[in-house]
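Enquirer: how does the following fold in three dimensions:
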Amino acid sequence: MPKDIILLTGAGFTKNFGGFLSSDMWEQFFNNPKMPAELKSLMKKGSKGDDDYFNYEDIVEIVLKEEKYSGYRDKLKEIIEEAYVRQESNIKASLIGHAGLVGCMQAFMYDNVSLFFTLNQDTFVEKYLRSFGIATSLALPYLDPKGANWDEITFQLPDEKSLSPGAIPILTNDKIVNYIKLHGSMNWYDSKGKNFPVIGKNKREMIAREPMLRKYYEYFGDELKSGKKLLIIGYSFLDKHINEMVRDGVEKGLKLFIVDVISARQFYANLMGRPANGSSIMYNVSESHRRILSAIWPGVSGYLKINNIDELLGGKTSNTREKFPVLFA
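Expert: Numbers count the residues shown, from 1 in each chain. Here you go, the predicted structure:
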């Protein structure tokens, strides 16, 4: 059977394997003894943008943009790096009891997924879902060394001159899954040699500054208009630039299949900006963002509420078809 599923994952996906949600990352920042008191005070004031109260990206945005906090930039960079290192350690420890689940995810991915996009910056997929020495494998366009030690390897992104011209180098072999990290990675240096993932409220501008990430983002938008299915696992729909691409895909006939821990009723309330039978609105978004979100709802063709990813994967890949049959219709 042809693989016609595009996968998009957010923090809720890796949470199943020990990763951090936005609120967990907020705690990592807040509880770090290196966090200056002035910045902790700002963190306690809560979010000012299109999201929930405890969004760690607020403090990143403030320090990067406001000159009066520029003296804290190096210290904040340390805090960010330490939070990502703790997340990696947490994932590694969590996987001791999840070896079977990782195998099921690997099988599902290689059997059904043509393209794997993520907003996550951890290295869970590279380290644990990548296959060596078997018929299927994972490819990272532009960044795919052979025999790499993923516990140690880092990448510096290519600049405009060194980036190969033309289309993004996607491998079309059915036994390959192309893995595309739209927001960069904790182990990537930007094209100027600075290790700073795409964190903050101005992700669109950060992506635009990096030629490779810009190509990734444009390719993501193009693929959502290709008539395939988009399976979304653990994404909160808070990134406006991503939601614009999803909306544009829906307008071209893209079918969405959502897997999340919240109910379909709550998901509807979040997108449409109005309570649904007792479900409150979780996020305060701008009117322009709300219009984008409301245009996404008509594209939802399947919705599955789960508590853990093993409810989707079961113990066998075939159980996924039984649990979420509309995805394979």
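Enquirer: for the rest of this, base every contact and every neighbour count on C-alpha atoms.
Expert: Noted.
Enquirer: ok, which stretches of this protein are strands?
Expert: Remark: strands assigned in the chain by DSSP state E are 5-9, 113-118, 137-139, 155-156, 176-181, 188-189, 229-233, 255-260, 300-305.
Enquirer: quick check: I232 touching A11?
Expert: No. The criterion here is Cα atoms under 8 Å, and I232 misses it with A11 at 11.2 Å.
Enquirer: which neighbours do the two share?
Expert: Residues within reach of I232 and of A11 at once, by Cα atoms under 8 Å, 6 or more residues apart in numbering: there are none.
Enquirer: where is the longest helix in the protein?
Expert: Assignment by DSSP state H gives helix 73-94 as the longest helix of the chain.
Enquirer: how far off centre is that one?
Expert: Its chain's C-alpha centre and that of helix 73-94 lie 17 Å apart, by Cα atoms, centre = their mean, to the nearest Å.
Enquirer: what helices or strands is it leaning on?
Expert: Contacting helix 73-94 under the criterion 3 or more Cα pairs under 8 Å, 6 or more residues apart in numbering; DSSP states H and E are the following elements: helix 22-30, helix 57-65.
Enquirer: output the contacting helices and strands for the last one.
Expert: Applying 3+ Cα pairs under 8 Å, 6+ apart, one finds that helix 57-65 contacts helix 37-43, helix 73-94.
Enquirer: redo these as a markdown table? Include distance to A139 and mean pLDDT.
Expert: Below are the helices and strands packed on helix 57-65 laid out as a markdown table (distance: least, Cα to Cα, whole Å; pLDDT from 0 to 100):
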| stretch | distance to A139 | mean pLDDT |
| --- | --- | --- |
| helix 37-43 | 38 | 91 |
| helix 73-94 | 21 | 92 |
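Enquirer: what's the spacing between N270 and S41?
Expert: 29 Å (Cα to Cα, to the nearest Å).
Enquirer: same question, I232
Expert: 35 Å.
Enquirer: higher neighbour count, the two?
Expert: Between I232 and S41, counting by other Cα atoms under 10 Å, I232 is the more crowded of the two (22 against 11).
Enquirer: bridged to that one, which residues?
Expert: Under DSSP bridges, the beta-bridge partners of I232 are L8, I258.
Enquirer: can you pull the contacts of it?
Expert: Residues in contact with I232 (Cα under 8 Å, 6+ apart) are L7, L8, T9, G10, L256, F257, I258, V259.
Enquirer: would you agree the second one is in contact with F117?
Expert: Yes. The pair L8 and F117 qualifies as a contact (Cα under 8 Å) at a distance of 4.7 Å.
Enquirer: who has more neighbours out of these two?
Expert: Using other Cα under 10 Å as the criterion, L8 and F117 rank with L8 on top: 23 against 20.
Enquirer: tell me the pLDDT of the more buried one.
Expert: L8 is assigned a pLDDT of 98 by the prediction.
Enquirer: same question for I170.
Expert: Note for I170: predicted pLDDT of 86.
Enquirer: pLDDT below threshold where in the stretch 201-329 of the chain?
Expert: For the stretch 201-329 of the chain, the stretches flagged by pLDDT under 70 are 201, 276-283, 314-318.
Enquirer: of all the helices and strands packed on helix 73-94, which one comes closest to G193?
Expert: Closest to G193 of the helices and strands packed on helix 73-94, according to Cα to Cα: helix 57-65, at 17.3 Å.
Enquirer: which parts of that closest one are buried?
Expert: E57, D58, I59, V60, I62, V63 (16 or more other Cα atoms under 10 Å).
Enquirer: and it, how far out from the chain's middle?
Expert: For helix 57-65, the distance to the chain centre is 20 Å (Cα atoms, centre = their mean).
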